[in-house]
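Engineer: Whatever this is, show me its structure:
(one chain, ligands or ions: 2)
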Amino acid sequence: MALAMLCAVAACSPKPDEGSAAPLAIAAKAVDHHSYAKPLEARVRHVDLDLTADFDRKVLSGTAALSLETEPDARQVILDTKALNILGVTDAAGAPLKYALGKADPILGAPLTIELPQGAQKIIVRYETTAKTEALQWLAPSQTAGKQQPFLFSQGQAILTRSWLPTQDSPAIRQTYSARIVTPRALKAVMSADMLTPDGEDVIDAPGKKAYRFKMDEAIPPYLIAIAVGEIDFRPLGKRTGVYAEKVTVEAAADEFVDVEKMVGAAEKLYGPYRWGRYDILVLPPSFPYGGMENPRLTFATPTILAGDRSLVSLVAHELAHSWSGNLVTNATWNDFWLNEGFTVYFENRIMEELYGKDRAGMLRTLGYKDLQDTVKGYMDDKHPELTALYIDLKGKHPDDGFSEIPYEKGASFLRVIEEAVGRRRFDAYLKGYFNRYAFQSMTSEAFIEDLRENLLKGDKALEDKINVRAWIYDPGLPANIIVPKSDAFDKVDAQVAAFISGTAPAELQTANWTTQEWQRFLNQMPETLTVAQMASVDDAFKFSESHNSEILFLWLKLAIAHHYEPAMPALETFLTSQGRRKFITPLYRDLMDQSGWGQAMARRVYADARAGYHEVTRASVDKVVN
Ligand SMILES: CC/C=C\C/C=C\C[C@@H](O)/C=C/C=C/C=C\[C@@H](O)CCCC(=O)O
Ligand SMILES: [Zn+2]
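Structural biologist: Residues are numbered from 1 along each chain as shown. Ligands and ions are numbered 1, 2, ... in the order given. Next up is the predicted model:
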């Protein structure tokens, strides 16, 4: 990897307000190995985009005007780029500036070093994206739900934003942004910002085009700058919530998300005011690579959560929770990713408990704990214990290489241990204070420990040792004081599973009105040693192969592969070729590849056909398992 000029986080964080000096002092020791930026000399404060979405060429082209804050003697600014075609750089008056695009690193991309006249406050980069831009997916009409119009969307996390706009792409270098996006007249542009022209405006001497304008006045990490363009409709859900989706999807989405306005209220009751104005959701076409992405003001969500019975809306609670953990207080480097995700999973479960009660929240914690156990076992078996720590040193690695359930479920388990040690009321008060103290700032694991000591533990060394704070953050494995969730609500499921495995015909199982979480528990408990007759009987009884619930279908298809249960193979092929959510796609291909002969042949055949339709995030993941 080209020597990445390191971004000293201290200079990346904005001027601290009183009471937040600690993170700056501690965070100064942190460096972001995933950015070339040197913000101690010159840093980006605002990005103003003026781009045209060209669906014929599949490029975004135009300008990024960057407002800078520079040291008096600064003579250059360094930006992060990846696979961009840089067409020229000028100052605000249009005078050309000298620039150099450095050697491209396969993970970080290339540094764009721009010479600055003394006192320069703004530079304008003219550029266009290319076919190698990893953040963007350009979909043909056939790849969308509506099949009538093309669609474009971006994914920024973790370090993909640099592939669709030149800036300092570090989560510690927070920036405001504004944008003018020109689209074909039939399409609408939306972004993670205030949408100033919901219906677009005419473009002089371009009758076939429309322009949409946006502004984000809060300083956010660049990975949260997001865009989508398509035949997008809108339905309101409440006074500050609504859902965007393709016309054919929007009614189902509005019905699925009917509780979202209540979710925002529940979240505010827990951790303070929602600071972002509106909370809207955009449902993407099926290839979206994640369950959700917490782009501020506009969560991006997969259509695979549209189960029709609101049973998968915990994902929305998760993305909403990021409005505090991750978007308001952000991990300063990707080594500290658990600060985003562990807090959010903890918070997500509290929102679900507030809205749907302790039983459902307990079931979700129990299912999450099983995922955590499986992940830890997998990494330990593969001799990668370092990936089971919360803080992971990702120097020289792609952040994706550290991505797993660990920062999510182990991080949440850590916070539950703190809650149990100090009591829920005291912990909630601490969290509310934490989000206030560091609002719109970036945080490191060390800074968090300092804040915890100062504002919650208050010098109680015995309490800190009882919680085992540093071991939870830095040690591999699961600390002995982890709280193993126990959900009585699953007792009846477990009893039925035992009856089934002991040979009782599934038809005798009392499964009336089971929830998705109970079916997940049932399938999680199924051994991989069933007979084909047992697989057939349970499929006949519960029609798993025909399920429209992505979470249930995923677990059933894993079981079907393990048993080479042929009747489920058409459903498997449909599932692999009709959506692109990495969490489902990669494990199924991996399981197929573990089946020598038929499984490997099927994986290679299906992937050869489906690969082009996946987003780069999913492709990069499956490329590692299908060979
Ligand atoms: C220790 C890992 C450090 C950094 C990883 C950061 C980002 C990884 C990159 O892959 C982006 C991930 C984005 C995830 C978005 C949503 C998730 O919360 C849910 C993903 C699983 C799902 O589809 O539900
Ligand atoms: Zn998350």
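
Engineer: where does the stretch 1-150 of the chain have low pLDDT?
Structural biologist: 1-30 (pLDDT under 70).

Engineer: Please report how far the closest residue to ligand 2 within it lies from residue 160.
Structural biologist: Nearest to ligand 2 in the stretch 1-150 of the chain, going by CB to the ion, is residue 135, at a distance of 17.8 Å. Any C-beta I mention is one placed from the backbone N, CA and C, and that applies to glycine too. Applying CB to CB, to the nearest Å, the value for residue 135 to residue 160 is 4 Å.

Engineer: For the protein, give the residue positioned nearest to ligand 1.
Structural biologist: In the chain, the residue that lies nearest ligand 1 is residue 291 (2.6 Å; CB to the nearest ligand atom).

Engineer: I'd like to know how far residue 615 sits from residue 404.
Structural biologist: Using CB to CB, residue 615 is found at 19 Å from residue 404.

Engineer: The helix or strand containing residue 189 pairs with which strands?
Structural biologist: Assessed by DSSP states H and E, residue 189 sits inside strand 188-191. Applying DSSP bridges to the sheet, strand 188-191 is found paired with strand 227-230 (antiparallel).

Engineer: Following the chain past the partner strand, name the next helix or strand.
Structural biologist: Next in sequence after strand 227-230, counting helices and strands by DSSP H and E, comes strand 232-236.

Engineer: and the very next helix or strand once past that next one, what does it pack onto?
Structural biologist: Downstream of strand 232-236, the first helix or strand assigned by DSSP H and E is strand 241-246. Judged by 3 or more CB pairs under 8 Å, 6 or more residues apart in numbering; DSSP states H and E, the packing partners of strand 241-246 are strand 232-236, helix 247-256, helix 260-271, strand 279-283.

Engineer: what's the following helix or strand past the last one packed up against?
Structural biologist: So the one you mean is strand 279-283. Sequence order places strand 292-293 as the next helix or strand after strand 279-283, per DSSP H and E. If you count contacts as 3+ CB pairs under 8 Å, 6+ apart, strand 292-293 packs onto strand 298-301, helix 314-321.

Engineer: CA atoms of the last one as PDB?
Structural biologist: When you say that, I think you mean helix 314-321. The C-alpha trace of helix 314-321 is given here as PDB (Å, rounded to 0.1, in the frame of the first residue of the first chain):
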ATOM      1  CA  SER A 314     -35.900  -3.900  13.800                       C
ATOM      2  CA  LEU A 315     -33.600  -3.000  10.900                       C
ATOM      3  CA  VAL A 316     -35.300   0.400  10.700                       C
ATOM      4  CA  ALA A 317     -34.800   0.800  14.500                       C
ATOM      5  CA  HIS A 318     -31.100   0.100  13.900                       C
ATOM      6  CA  GLU A 319     -30.700   2.700  11.200                       C
ATOM      7  CA  LEU A 320     -32.700   5.200  13.100                       C
ATOM      8  CA  ALA A 321     -30.600   4.600  16.200                       C
END
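
Engineer: Which other helices and strands does the next helix or strand after it contact?
Structural biologist: Using DSSP H and E, the helix or strand that follows helix 314-321 in sequence is strand 329-331. For strand 329-331, the elements it packs on are helix 337-356, strand 441-443, judged by 3+ CB pairs under 8 Å, 6+ apart.

Engineer: and the longest one with helix 314-321, angle?
Structural biologist: Yep, that's helix 337-356 we're talking about. Helix 337-356 runs at 120 degrees relative to helix 314-321, counting by axes from the mean of the first three to the mean of the last three CA atoms, to 10 degrees.

Engineer: does ligand 1 sit close to helix 337-356?
Structural biologist: Yes: applying CB under 6 Å from any ligand atom, one finds helix 337-356 touching ligand 1 at residue 337.

Engineer: pLDDT on that helix, on average?
Structural biologist: Helix 337-356 shows an average pLDDT of 97 in the prediction.

Engineer: Number the residues from 35 up from this point.
Structural biologist: Fine by me, first position is 35 from now on; the one you just mentioned is helix 371-390.

Engineer: okay, residue 562: pLDDT?
Structural biologist: pLDDT, residue 562: 88.

Engineer: Tell me the secondary structure of it, please.
Structural biologist: Secondary structure state of residue 562, per DSSP: H, G, I helix; E, B strand; the rest coil, is coil.

Engineer: Equivalent analysis for residue 204, please.
Structural biologist: coil.

Engineer: Pull the contacting residues for it.
Structural biologist: With contact taken as CB atoms under 8 Å, 6 or more residues apart in numbering, residue 204 is in contact with 41, 46, 66, 68-69, 71, 73, 114, 255-256, 367.

Engineer: now what about the strand holding residue 223, what contacts it?
Structural biologist: Contacts of strand 222-225 (CB under 8 Å, 6+ apart): 87, 213, 215, 217, 234, 244, 246, 248, 250, 259-266, 278, 316, 332.

Engineer: pLDDT on the helix or strand just after it, on average?
Structural biologist: Following strand 222-225 in sequence order, the next helix or strand is strand 228-229 (DSSP H and E). Strand 228-229 carries an average pLDDT of 97.

Engineer: so what does strand 228-229 touch, helix or strand wise?
Structural biologist: Secondary-structure packing of strand 228-229 (3+ CB pairs under 8 Å, 6+ apart): strand 243-254.

Engineer: Pull out the CA atoms of the strand it packs on and give them to me as CSV.
Structural biologist: Taking Å, rounded to 0.1, in the frame of the first residue of the first chain, the C-alpha atoms of strand 243-254 are listed here in CSV:
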residue,chain,number,x,y,z
LYS,A,243,-33.4,17.4,-17.9
LYS,A,244,-34.4,18.4,-14.4
ALA,A,245,-32.2,19.8,-11.6
TYR,A,246,-32.5,18.9,-7.9
ARG,A,247,-30.8,20.9,-5.1
PHE,A,248,-29.8,19.7,-1.6
LYS,A,249,-28.0,21.0,1.5
MET,A,250,-26.7,19.3,4.6
ASP,A,251,-25.8,22.0,7.2
GLU,A,252,-24.5,19.5,9.8
ALA,A,253,-20.9,18.4,9.5
ILE,A,254,-21.0,14.7,8.7
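
Engineer: For that strand, could you pull out the residues that count as buried?
Structural biologist: By neighbour count on 16 or more other CB atoms under 10 Å, the buried set for strand 243-254 is 243-248, 250, 252-254.

Engineer: Now render those residues as CSV, adding distance to ligand 2.
Structural biologist: Converted to CSV, these look like this (distance: CB to the ion, whole Å):
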residue, distance to ligand 2
243, 35
244, 33
245, 32
246, 27
247, 29
248, 23
250, 19
252, 19
253, 20
254, 15
